[in-house]
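Student: Below are the sequence and a predicted model; questions follow.
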Amino acid sequence: MAKTTSKKPKSEKLASFKADLAQRKKTRKNPHRSFHRSYHEDYAREFAAPGLLHHAMTTFRFVFKNWRLFLPLVLLIVILNIVLVGLMSEATYTQFQDTLDESLAGLKEGQVNQVARAGLLLISTVTTGGLTQGASEVQQVFGLLLFIILWLVTIYILRHRLAGHNLKLRDALYNALTPLLSTLVIALIILVELIPIAIVVITYSAAVQTDFLATPFYALVFFIFAALLILLSVYLVSSSLLALIAVSAPGLYPLVAIRTANDLASGRRIRWIIRVLFLFFIFAVVWVVIMLPLILLDLWLKDLWSWTEGVPFIPLMLQIMTVFSSVYMTAYLYLFYRHMLNFDDETIENPKDPEEIELTSEEKQSPALKPIRKSRRKNDQN
């Protein structure tokens, strides 16, 4: 007898596909649909976020409490940066200093307050790319890879420490790089999402050269055009940044991570963007508090002993601060991501790690917690 195989009819396949699609739509957190009005009740999601300053200080406390893991990591990445990418030479830093002194020579006959001089020197060194000045394409690729490695290793350490695991830096270095390719795919997607901002930069330079912005009406049109493109990039990159964290989980594909990040950011995108913007404020304060006294010390030592002029003290400190800032940024974003994830999963009431218990109890008792705002608008009955 001939062996018969039972096949589902097309109608059953279509019905199964529709049921699958309906189930996926139900599980999606994004309530917005094209050409349909979205009410506040549709996208409001309960989320008691910790205060900005409280979250920043909690991140500092967590990083410093695990200094035995993070300090060797920072030193390792600094050494690899010096070897593979290169350190800003002392001659380049001295050239910045001489240029600044020449520009200030006419002010009070060259007698400028040392604090103002050090501050201007710090700003000019950082904003003009002094850390990566003169780097070749190969060195830039090495720098990007080292940053991704630092990102993945830091997230691996944070995830396992919050889970209560005792690990060594060696284990993190060997095991954290599994999602490297997935992370590169998400980074490529972020670069594509930044194209609108690149278009704004290119059109702005062309408009300045052709005096297009001299007419007020054209300037207004360009401002609206630039604002819309920048908002589009910010909207897209905000969720992709969450995907860059989510994709570090084992076995998670890039497109699945992007879909998960979109669902997680739905209704909380503005809070997430505010966190990221506040991070730049934290960086500015920390860099001024730490680097300004170091630059003043370097200027005083060079005035006191001439042989210290060839010692690259400030370039080394700038490199260390850059790596530490990357570690802090990763911890800052990941802890807030975990807070959103735990709030959705309702697991924040029963954390397993003692440090997470302390972190969670402080967040519950702290007055920095923002109350959940609920809309008073009634649901549309039509």
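Tutor: Arrived safely.
Student: tell me which strands and helices the helix or strand where residue 271 lies is in contact with?
Tutor: Residue 271 is part of helix 269-304, with elements assigned from DSSP states H and E. Using 3 or more Cβ pairs under 8 Å, 6 or more residues apart in numbering; DSSP states H and E, the elements in contact with helix 269-304 are helix 52-65, helix 114-127, helix 216-246, helix 313-345. Placement of C-beta: from N, CA and C, glycine included.
Student: nearest spatial neighbour of residue 325, skipping sequence neighbours?
Tutor: In this structure, residue 325 finds its nearest non-sequential neighbour in residue 283, 5.9 Å apart by Cβ to Cβ, 6 or more residues apart in numbering.
Student: Can you pull the phi and psi angles for residue 253?
Tutor: phi -80, psi 160 (degrees, to the nearest 10).
Student: An error on my part: the question was meant for residue 177.
Tutor: Per degrees, to the nearest 10, the backbone of residue 177 is at phi -90, psi 10.
Student: For it, give me its contacts.
Tutor: 149, 152-153 (Cβ atoms under 8 Å, 6 or more residues apart in numbering).
Student: cutoff 7 Å now
Tutor: 149, 152 (Cβ atoms under 7 Å, 6 or more residues apart in numbering).
Student: The one 3 residues further on now?
Tutor: Contact partners of residue 180, counting by Cβ under 7 Å, 6+ apart, are 148, 152.
Student: what are the phi and psi angles of residue 179?
Tutor: phi -90, psi 30.
Student: where in the protein is pLDDT low?
Tutor: 1-10, 13, 17-18, 20-47, 88-135, 308, 343-382 (pLDDT under 70).
Student: at 50 instead, please
Tutor: 1-5, 106-111, 345-382 (pLDDT under 50).
Student: What about residue 81, how many residues nearby?
Tutor: 23 (other Cβ atoms under 10 Å).
Student: quick one: it and residue 318 touch, right?
Tutor: No - taking Cβ atoms under 7 Å as the definition, residue 81 is not a contact partner of residue 318, at 10.9 Å.
Student: returning to what we had before: would you point to the one among the helices and strands packed on helix 269-304 that's packed deepest?
Tutor: helix 313-345 (a mean of 19; mean count of other Cβ atoms under 10 Å).
Student: by how many degrees do that helix and helix 216-246 diverge?
Tutor: Here helix 313-345 runs at an angle of 80 degrees relative to helix 216-246 (axes from the mean of the first three to the mean of the last three Cα atoms, to 10 degrees).
Student: list the helices and strands helix 313-345 packs on?
Tutor: helix 52-65, helix 67-80, helix 90-103, helix 137-162, helix 216-246, helix 269-304 (3 or more Cβ pairs under 7 Å, 6 or more residues apart in numbering; DSSP states H and E).
Student: in the second one, what's buried?
Tutor: What that stands for is helix 67-80. For helix 67-80, burial by neighbour count (16 or more other Cβ atoms under 10 Å) applies to 69-70, 73-74, 76-78, 80.
Student: among those, which two are most distant?
Tutor: Farthest pair in the buried residues of helix 67-80 (Cβ to Cβ) is 69 and 80. Separation: 16.9 Å.
Student: What's the separation between residue 219 and residue 209?
Tutor: Noted for residue 219: a distance of 15 Å to residue 209, by Cβ to Cβ, to the nearest Å.
Student: Likewise for residue 74?
Tutor: Distance from residue 74 to residue 209, by Cβ to Cβ: 43 Å.
Student: And for residue 72?
Tutor: From residue 72 to residue 209 the distance is 50 Å (Cβ to Cβ).
Student: returning to what we had before: of all the helices and strands packed on helix 269-304, which lies closest to residue 271?
Tutor: Across these, closest to residue 271 is helix 313-345 (Cβ to Cβ), at 8.9 Å.
Student: quick one, that closest one and helix 67-80 angle?
Tutor: Using the same axes, to 10 degrees: helix 313-345 against helix 67-80 is 130 degrees.
Student: tilt between helix 313-345 and helix 137-162?
Tutor: Going by the same axes, to 10 degrees, helix 313-345 makes 50 degrees with helix 137-162.
Student: between helix 313-345 and helix 269-304, how many degrees?
Tutor: Going by the same axes, to 10 degrees, helix 313-345 makes 160 degrees with helix 269-304.
Student: Any buried residues in stretch 141-151, and which?
Tutor: For stretch 141-151, by 16+ other Cβ under 10 Å, it's 142-143, 146-151.
Student: Residues in contact with the helix or strand hosting residue 255: which ones?
Tutor: Assigned by DSSP H and E, residue 255 belongs to helix 254-265. For helix 254-265, contacts defined as Cβ under 7 Å, 6+ apart pick out 28-30, 182, 185-186, 189, 238-240, 242-243, 246-247, 272, 340-341.
Student: Now that helix: buried residues?
Tutor: In helix 254-265, counting by 16+ other Cβ under 10 Å, buried: 254, 257-265.
Student: Dump the C-alpha coordinates for it into PDB.
Tutor: The C-alpha coordinates for helix 254-265 follow below in PDB (Å, rounded to 0.1, in the frame of the first residue of the first chain):
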ATOM      1  CA  PRO A 254      19.100  40.900  17.300                       C
ATOM      2  CA  LEU A 255      15.600  41.400  15.800                       C
ATOM      3  CA  VAL A 256      14.000  39.700  18.800                       C
ATOM      4  CA  ALA A 257      16.000  42.100  21.000                       C
ATOM      5  CA  ILE A 258      14.800  45.100  19.100                       C
ATOM      6  CA  ARG A 259      11.100  44.000  19.300                       C
ATOM      7  CA  THR A 260      11.500  43.300  23.000                       C
ATOM      8  CA  ALA A 261      13.100  46.700  23.600                       C
ATOM      9  CA  ASN A 262      10.300  48.400  21.700                       C
ATOM     10  CA  ASP A 263       7.700  46.700  23.900                       C
ATOM     11  CA  LEU A 264       9.700  47.600  27.000                       C
ATOM     12  CA  ALA A 265      10.100  51.200  26.100                       C
END
